[in-house]
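**Q** Fold the following.
(2 chains)
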Amino acid sequence: EPEVTQTPSHQVTQMGQEVILRCVPISNHLYFYWYRQILGQKVEFLVSFYNNEISEKSEIFDDQFSVERPDGSNFTLKIRSTKLEDSAMYFCASSEAQQPYTFGSGTRLTVV
Amino acid sequence: LAKTTQPISMDSYEGQEVNITCSHNNIATNDYITWYQQFPSQGPRFIIQGYKTKVTNEVASLFIPADRKSSTLSLPRVSLSDTAVYYCLGVDTGFQKLVFGTGTRLLVSP
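**A** Residues are numbered from 1 along each chain as shown, chains lettered A, B, ... in the order given. Next up, the predicted model:
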């Protein structure tokens, strides 16, 4: 069964540092997403991406966040200057049509 | 996007059938009912989706009555590995995002 692959599985970074979370969506999928889940809380939508541009973003996705599909296979989430409250599991997802999504196993980001 | 309400938690034993009910009184004509499952420290996983009546796959069944104001996810003969959080979502296939609630935490005991 095709998978969405996320790397790294766990990243520890110092506050104020930039991090890049990487995702390889399923190859024939056209829609890409990032979600996050703070420990013990809901899965929250960050951004959706289609046709090489952001199609929708949440209030969480402020100027410190950006997404890119640099080479037609990877899909990245960059956090420019991390804060303690950015510590969470970050999930990438992709879909062929608009439903259903396939999620990756996530990157656990710990900001210290 | 339909607002959904489901129990916070449920307990069951191995081998039992589990039915998780979800209320969605304001479901729109274009909304499908979709269920995802999430294990600890993993991303949600699509289980099943339906519009009306009954849908069955290798994992679960989904019952949606004619008025579509509620739905029931049925898991036959659960095992310990079915312990997870189950999310009911009302999804307009024209929208591009899923909105997750708190879900139902199912605990299956021996």
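
**Q** what's near enough to touch A:N51?
**A** By C-beta atoms under 8 Å, 6 or more residues apart in numbering or on different chains, the residues touching A:N51 are A:L30. For glycine as for every other residue, the C-beta is placed from the backbone atoms N, C-alpha and C.

**Q** Quick check: the gap between it and B:T102.
**A** Going from A:N51 to B:T102 by C-beta to C-beta, to the nearest Å gives 33 Å.

**Q** Then B:S74?
**A** For B:S74, the distance to B:T102 - C-beta to C-beta - is 21 Å.

**Q** Likewise for B:Y87?
**A** 8 Å.

**Q** And the two? Which one has more around it.
**A** B:Y87 (26 against 14; other C-beta atoms under 10 Å in any protein chain shown).

**Q** what is the more buried one paired to in the beta sheet?
**A** Beta-bridge pairing of B:Y87 under DSSP bridges involves B:Y36.

**Q** surely it meets B:V99?
**A** No: under the criterion of C-beta atoms under 8 Å, B:Y87 is not in contact with B:V99, lying 9.7 Å apart.

**Q** residues touching B:T34, list them.
**A** Contacts of B:T34 by C-beta under 8 Å, 6+ apart are A:99-100, B:46, B:48-49, B:88-91, B:98.

**Q** for A:Y90, that is, sorry about that
**A** A:Y90 neighbours (C-beta under 8 Å, 6+ apart): A:6, A:21, A:34-36, A:77, A:106-107, A:109.

**Q** Now narrow the residues you listed to whatever sits close to chain B.
**A** Among those, proximity to chain B is found for A:35, A:106 (C-beta under 8 Å from any C-beta of the partner chain).

**Q** re the thing from before, just the closest of the contacts of B:T34 to B:K3, please.
**A** Of all those, B:G90 has the smallest distance to B:K3: 7.5 Å, by C-beta to C-beta.
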